[in-house]
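> I need the structure of the sequence given here:
(3 chains)
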Amino acid sequence: MRDLIGNIIIFAGVGFAGLGILGIFRFKNFYSRVLVSSKVDTVGFITILLGVSVKHGLSFFTLKVLFIMAMALIINPLITHSIVRSAYISGYKTRKE
Amino acid sequence: MAIAIFLLMIFSLLSALRVIIGPTIWDKLLGLNLVTAKLIVIIVLVASMQSKTYLLDLALVYALLSFIGIVFMSYYLQRKGRF
Amino acid sequence: MKEGDFIKRIVYYGQLVALFSLFWVVLFESLSFWVLISAPIISILSLILSEKYLLKANYYDLYYFNIFWLLKYTVVLFTEIYKSGFSIIPNILSGHANPGIVDITTEVDTNIGIALIANSITLTPGTITMDVSGQKLKVLWIDPETYNPTMAGLIIKGRLEKLF
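Numbers count the residues shown, from 1 in each chain, chains lettered A, B, ... in the order given. Next up is the predicted model:
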């Protein structure tokens, strides 16, 4: 039963990751791409890791996966912020699609 | 589970395509970030399939190394090559 | 130093040591005697060394937080992430985007609070923090409804800021 729920959550996360990949090829402008794809990808990441931790119950494996998730929650916004700030300071303009 | 890993491998190949064709340099950095996230998820799924916990240490170290690499690359671009 | 301040300080360092010990035990994946003995020793040692040589200040003055407050904040943050994650799907499918830059201000005045707010704004899909100076944030928004600073601030970070 717990296995089945974990598998369903994992496939929902894979669907979110696929939406992020669709967003990377859909838009013409760099700002729209970074706004859509990178963050939807983070939602997929969190969902897949939650599914894995549901599948394994309460054990050291789950605790380690939760530590990886907490680290990703801190690290991912910093990476996106540094990329967008570098583009903004170098003078990239916003543009309508 | 094997289907999820296969789909994620295809997604990471498509993100690597953005690294190759990206018109600006920041597109390439964004593609690198996406490839890294997919690889970490694949490592966690493989560790869950074989239930070997030492593979998770690999994912932890790889997340930290990619963070340092991408932040320093974007800082280097922002200062136009001067540190 | 007052009496209540001293007790608060002891509780704060106690919860830091508990968190670090949990991390140490999970990395070793065993509950044997030597791991349980070495966990608090290593965490206290790392706290003292990093305060003396890297930070050159107190953790208590710079990074004060409460662990129950952090759990509550995490729950609100997850609901916000999933809500805006679902609301951005039509934008991807139709390919409609009109990004613009909005200036907002926060009422939070501590350094760690501003860093938390900026990271949370970046973490919710659809908005990215670009620049921080003092209490002013420069936010890139996918489809700006308004350019008024107070209205935009209410929409972007309304529920998150109420918890401070």
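> Please state the mean pLDDT value computed over the strand or helix carrying residue A:16.
Element membership of residue A:16 [criterion: DSSP states H and E] is helix A:2-26. What helix A:2-26 shows for mean pLDDT is 90.
> after that helix comes which helix or strand?
Under the assignment DSSP H and E, the closest C-terminal helix or strand after helix A:2-26 is helix A:30-56.
> can that next one be found next to chain B?
Yes - for helix A:30-56 and chain B, the contact criterion (Cβ under 8 Å from any Cβ of the partner chain) is met by A:30, A:33-34, A:37-38, A:41-42, A:45, A:48-49, A:52, A:55-56. Placement of C-beta: from N, CA and C, glycine included.
> For residue C:128, what are phi and psi?
Main-chain dihedrals, residue C:128, degrees, to the nearest 10: phi -140, psi 130.
> Now for it: which residues touch it?
For residue C:128, the contacting residues are A:34-35, A:39, A:80-81, A:84, C:121-122, C:139-140, taking Cβ atoms under 8 Å, 6 or more residues apart in numbering or on different chains as the criterion.
> For it, list each beta-bridge partner.
Residue C:128 has these beta-bridge partners by DSSP bridges: residue C:140.
> So which bits of chain C are right by chain A?
Near chain A, the residues belonging to chain C are C:23, C:26-27, C:29, C:78, C:81-82, C:85, C:88-89, C:91-92, C:95-101, C:118-120, C:122-131, C:140, C:142 when assessed by Cβ under 8 Å from any Cβ.
> how about low-confidence regions in chain C?
Under the criterion of pLDDT under 70, the regions of chain C flagged as low confidence span C:1-3.
> Kindly report which residue of it is located farthest from the centre.
When distances to the mean C-alpha position of chain C are computed (Cα atoms, centre = their mean), the maximum falls on residue C:33, with 34.2 Å.
> how close does it get to residue B:44?
Distance from residue C:33 to residue B:44, counting by Cβ to Cβ, to the nearest Å: 31 Å.
> ditto for residue B:64
According to Cβ to Cβ, residue B:64 stands 15 Å off from residue B:44.
> Pick out whichever of those two has more residues nearby.
Taking residue B:64 and residue B:44 together and counting by other Cβ atoms under 10 Å in any protein chain shown, residue B:44 has the greater number of neighbours (24 against 11).
> Please parse chain C into its domains.
C:3-62, C:67-161 (automatic domain parsing).
> any chance of those domains in TSV, with distance to residue B:32 too?
Output for the domains of chain C, formatted as TSV (distance: least, Cβ to Cβ, whole Å):
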stretch	distance to residue B:32
domain C:3-62	28
domain C:67-161	18
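> that older thread, what about the helix holding residue A:16, near chain B?
Yes - against chain B, helix A:2-26 shows contacts by Cβ under 8 Å from any Cβ at A:7, A:10-11, A:14, A:17-18, A:20-21, A:24-25.
> Give me the pLDDT for the residue most central in space within chain B.
What sits nearest the mean C-alpha location of chain B, by Cα atoms, centre = their mean, is residue B:36, with 0.6 Å. At residue B:36, the model reports a pLDDT of 92.
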